[in-house]
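Chemist: Test case, fold it:
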Amino acid sequence: MTLPATVGHKRIALAAVAGAHGIKGEVRLKLFADSLASLRAHDRLYVGGEIRAVSDLRDAGKTAIARLDGVNDRTAAEALRGQLVEVDRAALPPLEEGEYYHADLVGLPCVDASSAPVGTVAGIENFGAGDLLEILFPDGKRSLIPFRDPIAVLGEDRVIIDREFLA
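Modeler: You can find the predicted model right below:
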């Protein structure tokens, strides 16, 4: 797969701030990855669009607890609730064949088997049974379809969709 030129400029969300932890400015993080390793690999993260250094990161069961530079009290930590914790796409390890980051798919054009335009990938959802592509049609309507062969197949710079599965 050849990724669009903008891929290196994208950010990938690794977690979200779930709220404050304690009174000294620590934050609880909801992880989007399987472990803390994905966060620990980066000294600096984007939190709410601002670069922040991570001075401490520890496991807290289903969440993680982090201390971010510049966040020194509960009020500052609580103000970050709901903010994404991201890294530059270029800072992530290369992917194996057939692997992808959701952010790499968003914005890709969708075509049918005859290369006729269908729409664009507006988002990706996963409710436990596999990834679903949210397709945005030119008229503004949207449809969710399973992201698996032969329903939706990742091409060089687009997604090829079987129109039979569009609602």
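Chemist: Just the terminal-to-terminal distance for stretch 134-148.
Modeler: Stretch 134-148 has an end-to-end distance of 13 Å (C-alpha to C-alpha, to the nearest Å).
Chemist: So which bits of that stretch are buried?
Modeler: Using 16 or more other C-beta atoms under 10 Å as the burial criterion, the residues of stretch 134-148 that qualify are 134, 135, 136, 143, 144, 145, 147. From N, CA and C alone the C-beta is placed, and that goes for glycine too.
Chemist: What of stretch 73-86?
Modeler: Residues of stretch 73-86 classed as buried by neighbour count (16+ other C-beta under 10 Å): 74, 77, 80, 83, 84, 85, 86.
Chemist: Which members of these occur in helices, if any?
Modeler: 74, 77 (DSSP state H).
Chemist: now, which of the buried residues of stretch 73-86 sits nearest residue 108?
Modeler: residue 86 (19.6 Å; C-beta to C-beta).
Chemist: Which strand residues bridge that closest one?
Modeler: residue 13, residue 46 (DSSP bridges).
Chemist: ok, back up a step: put together CSV for the buried residues of stretch 134-148, with distance to residue 23, pLDDT and secondary structure on each row.
Modeler: Below are those laid out as CSV (distance: C-beta to C-beta, whole Å; pLDDT from 0 to 100; DSSP: H, G, I helix; E, B strand; the rest coil):
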residue, distance to residue 23, pLDDT, secondary structure
134, 40, 95, strand
135, 46, 95, strand
136, 44, 96, strand
143, 47, 92, strand
144, 42, 93, strand
145, 47, 93, strand
147, 43, 93, coil
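Chemist: Just confirm residue 54 is within a strand.
Modeler: Yes: counting by DSSP: H, G, I helix; E, B strand; the rest coil, residue 54 is found in a strand.
Chemist: what's the neighbour count on the residue nearest to residue 110 when sequence neighbours are not counted?
Modeler: Excluding its sequence neighbours, the residue lying closest to residue 110 (C-beta to C-beta, 6 or more residues apart in numbering) is residue 118, at 4.3 Å. Using other C-beta atoms under 10 Å, residue 118 is surrounded by 20 other residues.
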